[in-house]
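J.: Have a look at this prediction, sequence included:
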Amino acid sequence: MRLILYLGKGGVGKTTTAAATAVRAAQLKHRTLVVSTDVAHSLADALDQEVGPMPTQVGDNLWAQEINVLDEVRQHWGELQGFVSTMLRRKGVNEVAAEELAVIPGMEEVVSLLHIRKQAKEGNFDAVVVDAAPTGETVRLLTMPETFTWYASRVMQWETSTMKVARPLVRALVPASDVFDALPRFVEQVDALRQTLSNPDVSSYRLVVNPERMVIKEAQRAATYLSLYGYPIDGVVLNRVLPSEASGSAFLEQMQQVQAQYREQVHEIFTPLPIWEAPFYAREIKGIKDLGEVGAALFEDRNPLDVFFRGKTMDINKVGENYELRLPLPHVEVNKVNMTKRGDQLFIEIGNFRREMILPTLLADRPATKASFRNGELVVQFGAPEPPKVTQEQPA
Ligand SMILES: Nc1ncnc2c1ncn2[C@@H]1O[C@H](COP(=O)(O)OP(=O)(O)O)[C@@H](O)[C@H]1O
Ligand SMILES: [Mg+2]
């Protein structure tokens, strides 16, 4: 089974790309499900067909589904929430606070991911392509299994110590009889989910960008966080590239020039990941036939379900009190490394190679002390965080 997730800023073409990938995979005879987790569903529009909250067949080997996360949470995990809030109340937390606390952070996100995983298994799909919500939300979604497990393990500790005494009482208060087993079972599932999501043979994350500054920035940020959490990225989709024949006006030619510059930047930033390009279509893209065309433009004769890149695009390790950032740069010649850091932005220059990257919060407030290039890998060291500057006002 393959799980492919498309990430990117709103409007870049995630839905189009996800649907195009699914159509292409289905044409190659793979049983494929394309799932939307965005609240603003547009899968039905892209496919030009009705899509329900359960997998709906929309073509040969092709199914589509628009998940409503909140409904899912209410349906399946309402009982668990009731259980947690009851426990908290028994511990003396007042009712309103208990209700509030019982909404375990990330519950909705975790549930929607669990649902996708379950569906993929039960529906016997060869591939599930996820048309995700805009980047920020999706990154939050992907970091949730960890947050959730942390939180849930605290709650489970209460159960073993304090809750033993309260068990009969809680059981009487909570109607569902097996609710005591619900949390550990849930935690187990979330753990398995986290393993699926970080298994490079199963899951691949692909960034969708346009040749535009802000869009590229956001994708860089997403790449940083995905790498940090160990989620494997295997490619970048560069969507809406003006075709070379689109000329004849000063306006279009200027746009092409601007695009050419950002296109080059995309290649610089995201090496060694493969970059797949789709042209800017003058007409509206609607329906399976059009999507097949986009899929063919992106993947040509390749199978979109292949794993196109293996290995980390970035690695951060703690070394003593300090941190070390490693960036594999296989196509770069050994040369002098120049580095400038400004807040969470790091600018690296090795000969003709330039790279600007966005650092995770963890490294943003630490000074970059040393950069070296060995074995096709750039290693940047970060020291202890700088103390905040205190400016003393002189009495006048
Ligand atoms: N390469 C392209 N050329 C022309 N129009 C496109 C292209 N890619 C996407 N679109 C159109 O742009 C709009 C937004 O695309 P969509 O895939 O819904 O973006 P997202 O899911 O990232 O918000 C849609 O109307 C879609 O048909
Ligand atoms: Mg969309």
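T.: Received the coordinates, thanks. Residues are numbered from 1 along each chain as shown. Ligands and ions are numbered 1, 2, ... in the order given.

J.: C-alpha only now, for contacts and for neighbours.
T.: Fine.

J.: Check whether stretch 27-35 comes near ligand 1.
T.: No - Stretch 27-35 does not reach ligand 1 (C-alpha under 6 Å from any ligand atom); its nearest approach is 12.0 Å.

J.: Kindly report the same for stretch 286-301.
T.: No - under the criterion of C-alpha under 6 Å from any ligand atom, ligand 1 is not reached by stretch 286-301; the shortest gap measures 6.6 Å.

J.: Just checking, which helix or strand of this protein averages the lowest pLDDT?
T.: helix 163-173 (a mean of 52; mean pLDDT, DSSP states H and E).

J.: Which residues of the stretch 201-350 of the chain lie near ligand 1?
T.: By C-alpha under 6 Å from any ligand atom, the residues of the stretch 201-350 of the chain that approach ligand 1 are 239-240, 278-281, 284-285.

J.: Ranking by neighbours, what's the top pick from these?
T.: N239 (23 neighbours; other C-alpha atoms under 10 Å).

J.: Roughly how far does the spatially closest residue to V202 that is not a sequence neighbour sit from A223?
T.: Spatial nearest neighbour of V202, chain neighbours left out: R2 (4.7 Å); criterion: C-alpha to C-alpha, 6 or more residues apart in numbering. When C-alpha to C-alpha, to the nearest Å is the yardstick, R2 and A223 sit 20 Å from each other.

J.: between these two, which one's more packed in?
T.: More crowded of R2 and A223, by other C-alpha under 10 Å: A223, with 24 against 20.

J.: Centre of the chain to the helix or strand containing that one, how far?
T.: For A223, the host element (DSSP states H and E) is helix 213-228. In terms of C-alpha atoms, centre = their mean, to the nearest Å, the centre of helix 213-228 is found 10 Å from the chain centre.

J.: Need the residues that contact the following helix or strand past that helix.
T.: Following helix 213-228 in sequence order, the next helix or strand is strand 233-241 (DSSP H and E). The set of residues external to strand 233-241 that reach it, using C-alpha atoms under 8 Å, 6 or more residues apart in numbering, is 12-13, 204-211, 223, 226-227, 259, 263, 270, 273-281, 298, 307-310, 312-313.

J.: Would you list the buried entries among the residues you listed?
T.: The neighbour-count criterion (16 or more other C-alpha atoms under 10 Å) marks 12-13, 204-211, 223, 226-227, 259, 263, 270, 273, 275, 277-278, 298, 307, 309, 312-313 among the contacts of strand 233-241 as buried.

J.: So for the residue in the stretch 101-250 of the chain positioned nearest to ligand 1, what's the nearest residue that isn't a sequence neighbour?
T.: Residue nearest to ligand 1 within the stretch 101-250 of the chain: R240 (4.1 Å; C-alpha to the nearest ligand atom). Distances taken as C-alpha to C-alpha, 6+ apart place F280 nearest to R240, at 3.9 Å, with adjacent residues excluded.

J.: repeat for A260
T.: Spatial nearest neighbour of A260, chain neighbours left out: P211 (7.8 Å); criterion: C-alpha to C-alpha, 6+ apart.

J.: Domain map for the protein?
T.: 2-70+106-280+290-299, 315-382 (automatic domain parsing).

J.: Return the most buried member of those domains.
T.: domain 2-70+106-280+290-299 (a mean of 19; mean count of other C-alpha atoms under 10 Å).

J.: for it, how far is the first residue from the last?
T.: For domain 2-70+106-280+290-299, the first-to-last residue distance is 16 Å (C-alpha to C-alpha).

J.: Find out how far it is from the centre of the chain, if you would.
T.: Chain-centre distance of domain 2-70+106-280+290-299: 6 Å, with C-alpha atoms, centre = their mean.

J.: again, but for stretch 366-383
T.: Using C-alpha atoms, centre = their mean, the mean C-alpha position of stretch 366-383 is found 26 Å from that of the whole chain.

J.: mind listing the helices for this structure?
T.: All helices of the chain, identified by DSSP state H, fall at 14-27, 43-47, 69-72, 78-90, 95-102, 107-122, 135-160, 163-173, 179-197, 213-228, 250-270, 287-299, 361-364.

J.: Least confident of the ones you listed, on average?
T.: Sorting the helices of the chain by mean pLDDT places helix 163-173 lowest, at a mean of 52.

J.: what's the spacing between I233 and K121?
T.: Note on I233: its distance to K121, by C-alpha to C-alpha, is 22 Å.

J.: oh sorry, the question was meant for E284
T.: 34 Å.

J.: for V307, same thing?
T.: Distance of V307 to K121, given as C-alpha to C-alpha: 20 Å.

J.: for E188, same thing?
T.: Separation of E188 from K121 (C-alpha to C-alpha): 16 Å.

J.: Ok, V187 next?
T.: Relative to K121, V187 is positioned 19 Å away (C-alpha to C-alpha).

J.: so what's Y281 up against?
T.: Contacts for Y281 were tallied using C-alpha under 8 Å, 6+ apart; they are R240.

J.: I should have written P55 there, sorry.
T.: By C-alpha under 8 Å, 6+ apart, the contact list for P55 reads 33, 63-65.

J.: I'd assumed D38 was in contact with S112.
T.: No - S112 lies out of contact with D38 (C-alpha atoms under 8 Å); the separation is 10.6 Å.

J.: pLDDT below threshold where in the stretch 251-396 of the chain?
T.: Residues of the stretch 251-396 of the chain that meet the criterion pLDDT under 70 lie in 330-335, 352-353, 388-396.

J.: Now do the strands in it.
T.: With strands called from DSSP state E, counting those that start in this stretch, the stretch 251-396 of the chain shows them at 275-279, 315-319, 322-328, 337-342, 345-350, 353-358, 368-374, 377-382.
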